[in-house]
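**Student:** Fold the following.
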Amino acid sequence: MAAISQSGFSQSGFSQSDHPRSDDSEADRPLEGSVRLDLYRTMVLIRTYEERIRQEYHADKTPGFDIGAGKIPGEMHLAAGQEPVAAGVCPHLRPSDALTATHRPHHLAIAHGVDLARMTAEIFGREGGLGHGRGGHMHLFDPAVHFSCSGIIAEGLPPALGQAFAFRQRGTDSVAVAVTGEGAANQGAFHESLNLAALWKLPVVFVVEDNDWGISVDRGASTAVADNSPRAAANAMPGVRIEDNDVEAVYRAARQAVERARAGEGPSLIEVHTLRLWGHFEGDPQTYRSDLETVEERDPIPRYRRLLLEAGVLDEASAERIAADAAAEVDRAVEFALASPEPDPATASAYVFA
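**Tutor:** Numbering: from 1, shown residues only. Below is the predicted model of the structure:
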């Protein structure tokens with residue numbers, strides 16, 4: 001079990017005073033086997049997807065790396081290592097719930113049910129994409145599941161508040177989840193959003209992905225506090241920090257945070273100490289990183305795989321089937337993207353407000 005620091009949370013999530021429906025002994029009981037398999041299956045699909053996008057991205061950028069060349073031109077930010085955040089949070093959400101993500105969005109989009117084929121087409125800049133190829137990988141929008149993301153730091157928090165406010169005004173129990181990075185926790189939009197969400201008691205959950213690096217800056221060189229969970233208490237909401245990239249601890253904390261929001265009890269904050277397995281962007285030499293020697297041993301997927309094998313929840317044959325199913329699903333998405341036409345230059349002004 002991961003170490004958890006908290007302000008208003010118990011080991012299983014929220015304290016009894018914050019959320020009387022919670023059970024303080026819950027953290028001592030393993031999750032159901034079917035839930036654990038689903039968590040693993042989601043993480044494997046995400047990693048398989050990111051590895052394939054990485055392969056396609058670099059395929060025609062050789063012999064010298066040219067960021068503007070190839071089938072997928074421009075920057076590419078991949079989330080390998082951060083799968084536990086998406087896999088742990090998103091099972092508690094419905095398609096009617098909103099999720100806003102960062103410039104590193106694929107893991108969250110996949111876990112929240114964004115159309116994989118259309119998302120892939122968007123990444124390739126094709127007409128069949130979510131935004132008809134106009135947005136690219138940092139600007140994915142899928143109204144069917146209320147998903148959006150942006151390349152602007154901390155930009156997703158205010159829109160999440162707006163959606164949470166709209167849900168409440170309509171009398172629904174839908175919630176909004178705003179995911180951001182630890183670097184964004186120093187932005188004005190972060191603090192303003194926490195304050196307003198608490199003031200209006202909005203049904204929103206803030207999730208901070210702390211992967212230790214704000215581009216090339218160590219978090220210790222940019223942030224005065226050791227973690228961001230105490231900042232929740234400063235805004236009259238419970239907060240928790242989950243160590244060790246523990247997908248099951250994320251799942252438990254997110255379940256209770258979402259339940260709390262649905263019940264009209266207001267916002268909460270979850271920070272996950274996660275891992276950026278690869279560079280800030282593809283092509284990043286990472287010469288600034290002091291932790292590269294330990295990155296592979298901290299990879300959450302083989303670690304979780306070993307845990308499930310030892311627990312008897314997973315066997316080698318099932319693991320192979322899960323990997324094969326993920327590969328087949330990703331293959332179909334890439335095939336759809338490559339078969340989709342590139343946008344006609346004559347339609348450059350389409351879908352743009354004038």
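
**Student:** For the nearest residue to residue 67 once chain neighbours are set aside, give me phi and psi.
**Tutor:** Closest residue to residue 67 apart from its sequence neighbours, by C-beta to C-beta, 6 or more residues apart in numbering: residue 283 at 6.0 Å. Where C-beta positions appear, they are placed from N, C-alpha and C, glycine not excepted. Backbone torsions for residue 283, taken as degrees, to the nearest 10, come to phi 110, psi -10.

**Student:** Please apply the same query to residue 72.
**Tutor:** The phi and psi values for residue 72, taken as degrees, to the nearest 10, are phi -130, psi 80.

**Student:** For the nearest residue to it once chain neighbours are set aside, the count of nearby residues, please.
**Tutor:** On the basis of C-beta to C-beta, 6+ apart, the spatially nearest residue to residue 72 that is not a chain neighbour turns out to be residue 57, at 4.7 Å. For residue 57, the number of neighbouring residues by other C-beta atoms under 10 Å comes to 23.

**Student:** distance of the residue nearest the centre of the chain from residue 91?
**Tutor:** Nearest to the mean C-alpha position of the chain, by C-alpha atoms, centre = their mean, lies residue 108 at 3.7 Å. Noted for residue 108: a distance of 12 Å to residue 91, by C-beta to C-beta, to the nearest Å.

**Student:** so how far is residue 147 from the residue nearest to residue 67?
**Tutor:** Separation of residue 283 from residue 147 (C-beta to C-beta) stands at 27 Å.

**Student:** Need the pLDDT of residue 197.
**Tutor:** With respect to pLDDT, residue 197 scores 98.

**Student:** I meant residue 353, not that one.
**Tutor:** The model's pLDDT for residue 353 equals 70.

**Student:** circling back to that earlier point, check contacts around the residue nearest to residue 72.
**Tutor:** Going by C-beta atoms under 8 Å, 6 or more residues apart in numbering, residue 57 touches 70-72, 76, 282.

**Student:** try it again with 7 Å
**Tutor:** Neighbouring residues of residue 57 by C-beta atoms under 7 Å, 6 or more residues apart in numbering: 72, 76, 282.

**Student:** What about these, which one has the most neighbours?
**Tutor:** Counting by other C-beta under 10 Å, top hit in those: residue 76 with 24 neighbours.

**Student:** gap between that one and residue 160?
**Tutor:** Computed as C-beta to C-beta, the residue 76 to residue 160 distance reads 25 Å.

**Student:** centre of the chain versus the helix or strand where the residue nearest to the centre of the chain lies, how much separation?
**Tutor:** In the assignment (DSSP states H and E), residue 108 maps to helix 106-111. Mean C-alpha position of helix 106-111 versus that of the full chain (C-alpha atoms, centre = their mean, to the nearest Å) differs by 6 Å.

**Student:** for that helix, packing partners?
**Tutor:** Applying 3 or more C-beta pairs under 7 Å, 6 or more residues apart in numbering; DSSP states H and E, we find helix 106-111 packed against helix 33-59, helix 83-89, strand 98-101.

**Student:** Just give me the neighbour total for residue 106.
**Tutor:** 27.

**Student:** residues contacting it?
**Tutor:** Contacts for residue 106 were tallied using C-beta under 7 Å, 6+ apart; they are 49-50, 78-79.

**Student:** The same query, at a cut-off of 6 Å, please.
**Tutor:** Counting by C-beta atoms under 6 Å, 6 or more residues apart in numbering, residue 106 touches residue 79.
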